[in-house]
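S.K.: Give me the fold of what follows.
(one chain, ligands or ions: 1)
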Amino acid sequence: MFPVDLKSDTVTKPSEEMRKAMYAAEVGDDVYGEDPTVNRLEEMAAALTGMEAALFLPSGTMGNLVAVLTHCGRGDGAVLGADCHILNYEGGGLAALGSVVPLVADDSSGLISPEEVRRHCRPSNVHFAPARLLCLENTHNRRGGLALSPEAVRASAEEAHRLGLSVHIDGARIFNASTAWNCSVKKYAESVDSLQFCISKGLGAPVGSLLCASGSFIDAARHWRKRLGGGLRQSGILAAAGIYALEHNIDRLREDHENAELLAHLLSEGRVIDVEHNEKPTNMVYCGVPEGTCVDLHLRCAARGVLFNGVSENRFRLVTHLDVSREQVTQAAAIILEEAAAS
Ligand SMILES: Cc1ncc(COP(=O)(O)O)c(C=O)c1O
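M.R.: Just a heads-up that it's a prediction; the model follows:
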């Protein structure tokens, strides 16, 4: 039953059935467009999002970077949330490789609101980097895995479009969002220009992301992927895991959300941990503890087989996924509470 790894949904390991699908994959050279399994995965991703085309990439980071580089040129501005993944955890790639200027917006609600989009679209003037792109994140990682509604995304995207910006969604966990809102991912995709989702998180594949957009955008994005060294050869081995994930692991995300809800409930009952709430939770639980106690709690729990990540001196994150059962969640909550009470 232990250890139970609640660090992230990226820690999932490919199941036996997924590995069999990988073993059996028909492959070719994808840089020539000749890998039938990659082509099939890209077609599936396009169909699921309702977009014209899709591109298979090694990671979400590369998916976002390729999207930004395709949307923006040197000196262009991208409106990004202060708490978003692209700005905080992707090595500054947009600036390092694209000379794109981050226009840092307030996303403390999880959304960059239409007003906030307007605020960053300053008039055309030689003093300002022209805003070209709005990036939204859904679900929003640092906002506790909050799922934005299709309507909220649409409102900000429409305002961005009205102001001449393109819109990209970092949808690393967009299927968690669509599960939480009980809607199709198409509902998000229809109001934006590009959307990246990861198969290597809650969907359980070992590697990969799909960038979905119009056919012409994906043609340009394919060029950027190659420039960045992301053109892979017989990557059908990896794409097969993605096909398996999309066919088998979307509907079960609901279980992860239920397990996270149980975890949040059990932890709040203990009254020693401050469990953060958001209006549309998914598979993450963020918790507050007294300043300076997070590292100690993390080490004590790890010693008892409950693994998680501290995000600051007084905040930690627990993530449920397909390798975590309801029983493990119950036991993990008990251990965390015992250790928190003892610290
Ligand atoms: C919201 C978000 N976007 C993008 C990424 C990047 O994905 P990858 O780790 O595949 O580069 C992550 C990774 O955790 C994420 O949480």
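S.K.: which helices and strands sit right next to the lengthiest strand in the chain?
M.R.: Longest strand in the chain, counting residues (DSSP state E): strand 131-137. In terms of contacts (3 or more CB pairs under 8 Å, 6 or more residues apart in numbering; DSSP states H and E), strand 131-137 is packed against helix 60-71, strand 77-81, helix 85-89, helix 150-162, strand 166-170. C-beta here means a position set from N, CA and C on the backbone, and glycine is covered the same way.
S.K.: partners of the second one, with directions?
M.R.: Here strand 77-81 is paired, per DSSP bridges, with strand 101-105 (parallel), strand 131-137 (parallel).
S.K.: quick one, which of those strands is packed in tightest?
M.R.: strand 131-137 (a mean of 27; mean count of other CB atoms under 10 Å).
S.K.: could you check the angle helix 60-71 makes with that strand?
M.R.: Relative orientation of strand 131-137 with respect to helix 60-71: 160 degrees, computed using axes from the mean of the first three to the mean of the last three CA atoms, to 10 degrees.
S.K.: how about the residues of the stretch 1-150 of the chain near the ligand?
M.R.: 10, 59-61, 64, 85, 137, 141 (CB under 6 Å from any ligand atom).
S.K.: mind running it again at 5 Å?
M.R.: 59-61, 85, 141 (CB under 5 Å from any ligand atom).
S.K.: picking up where we left off before, could you dump the strands paired with strand 77-81 to TSV with distance to Val68 and mean pLDDT?
M.R.: Shown next, in TSV, are the strands paired with strand 77-81 (distance: least, CB to CB, whole Å; pLDDT from 0 to 100):
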stretch	distance to Val68	mean pLDDT
strand 101-105	10	98
strand 131-137	7	98
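S.K.: now those as TSV including distance to Asp30?
M.R.: As requested, these are exported to TSV (distance: least, CB to CB, whole Å):
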stretch	distance to Asp30
strand 101-105	32
strand 131-137	27
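S.K.: Among those, which comes closest to Leu266?
M.R.: Among the strands paired with strand 77-81, strand 131-137 comes nearest to Leu266, with 27.8 Å by CB to CB.
S.K.: hang on, the earlier thing: can I get the longest strand of the chain in PDB? Just the C-alpha atoms.
M.R.: The C-alpha trace of strand 131-137 is given here as PDB (Å, rounded to 0.1, in the frame of the first residue of the first chain):
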ATOM      1  CA  ALA A 131       0.900  42.600 -27.000                       C
ATOM      2  CA  ARG A 132       0.300  39.800 -29.400                       C
ATOM      3  CA  LEU A 133      -0.700  36.800 -27.300                       C
ATOM      4  CA  LEU A 134      -2.700  35.900 -24.200                       C
ATOM      5  CA  CYS A 135      -1.800  32.700 -22.400                       C
ATOM      6  CA  LEU A 136      -4.300  31.100 -20.000                       C
ATOM      7  CA  GLU A 137      -3.700  28.100 -17.900                       C
END
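S.K.: What about Gly73, how many residues nearby?
M.R.: Using other CB atoms under 10 Å, Gly73 is surrounded by 12 other residues.
S.K.: Tell me which stretches of the stretch 201-343 of the chain form helices.
M.R.: 215-227, 236-248, 253-270, 294-303, 326-342 (DSSP state H, counting those that start in this stretch).
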